[in-house]
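>>> coordinates for the following, if possible.
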Amino acid sequence: MFSDRVSSAGSSKAEALTAKMCLLGIREDDIREQFIRAQGRGGQKVNKTSACVYLKHIPTGIEVKCQSARSQALNRFLARRILVNKIESLFLGRESAERKEIEKIRRQKRRRSRRAKDKMLKDKKLHSEKKAQRRFSGRDCPNG
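Residues are numbered from 1 along each chain as shown. Sure, this is the predicted structure:
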């Protein structure tokens with residue numbers, strides 16, 4: 001299993017990831033893993049070691065390649081996390097966290113209806129009247 005190679009600082013994250021994998025029914029046997037030489041920045045370390053991780057989930061055919069860190073162990077964890085998120089979005093469709101966030105932003109940007117605007121203005125007026133009453137009642141108080 002991959003969680004035994006992740007450092008103790010990230011072990012809780014690794015445990016959470018394995019729990020999510022079990023919840024979605026993703027087994028380690030279903031994942032084909034390869035280590036490739038990374039490309040781009042990183043210098044001699046990247047050129048000498050195979051830090052890039054390539055994962056393929058055989059049942060769904062989803063492929064993930066991760067080379068964001070110089071460490072192979074960290075790239076393994078990150079690649080698995082990306083793979084699990086992709087499989088989750090495939091299984092759950094619109095219910096994935098990414099879709100929920102997009103829908104939330106879309107709702108926030110949408111214009112308010114006339115009824116909603118009127119209700120909001122009515123509430124604001126009521127609130128301001130309450131504050132005005134408190135202001136006047138505070139002047140009658142001898143200590144105020």
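>>> so where's this structure shaky on pLDDT?
For the chain, the stretches flagged by pLDDT under 70 are 1-10, 94-96, 138-144.
>>> okay, domains of it per the record?
8-95, 109-138 (automatic domain parsing).
>>> quickly compare those and say which is most buried.
domain 8-95 (a mean of 15; mean count of other Cβ atoms under 10 Å). (C-beta placed from N, C-alpha, C; glycine too.)
>>> tabulate the CA atom coordinates of the strand or helix carrying residue 88 in PDB.
Assigned by DSSP states H and E, residue 88 falls within helix 72-92. Extracted C-alpha coordinates of helix 72-92, given in PDB (Å, rounded to 0.1, in the frame of the first residue of the first chain):
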ATOM      1  CA  GLN A  72       8.300  10.500  -5.600                       C
ATOM      2  CA  ALA A  73       6.400   9.600  -2.400                       C
ATOM      3  CA  LEU A  74       4.600  13.000  -2.400                       C
ATOM      4  CA  ASN A  75       3.800  12.700  -6.100                       C
ATOM      5  CA  ARG A  76       2.300   9.200  -5.500                       C
ATOM      6  CA  PHE A  77       0.000  10.700  -2.900                       C
ATOM      7  CA  LEU A  78      -1.000  13.700  -5.000                       C
ATOM      8  CA  ALA A  79      -1.600  11.500  -8.100                       C
ATOM      9  CA  ARG A  80      -3.800   9.200  -6.100                       C
ATOM     10  CA  ARG A  81      -5.800  12.200  -4.700                       C
ATOM     11  CA  ILE A  82      -6.300  13.500  -8.200                       C
ATOM     12  CA  LEU A  83      -7.300  10.100  -9.500                       C
ATOM     13  CA  VAL A  84      -9.800   9.600  -6.600                       C
ATOM     14  CA  ASN A  85     -11.300  13.100  -7.300                       C
ATOM     15  CA  LYS A  86     -11.700  12.300 -11.000                       C
ATOM     16  CA  ILE A  87     -13.400   8.900 -10.300                       C
ATOM     17  CA  GLU A  88     -15.600  10.600  -7.700                       C
ATOM     18  CA  SER A  89     -16.800  13.200 -10.200                       C
ATOM     19  CA  LEU A  90     -17.400  10.400 -12.800                       C
ATOM     20  CA  PHE A  91     -19.500   8.400 -10.300                       C
ATOM     21  CA  LEU A  92     -21.400  11.200  -8.700                       C
END
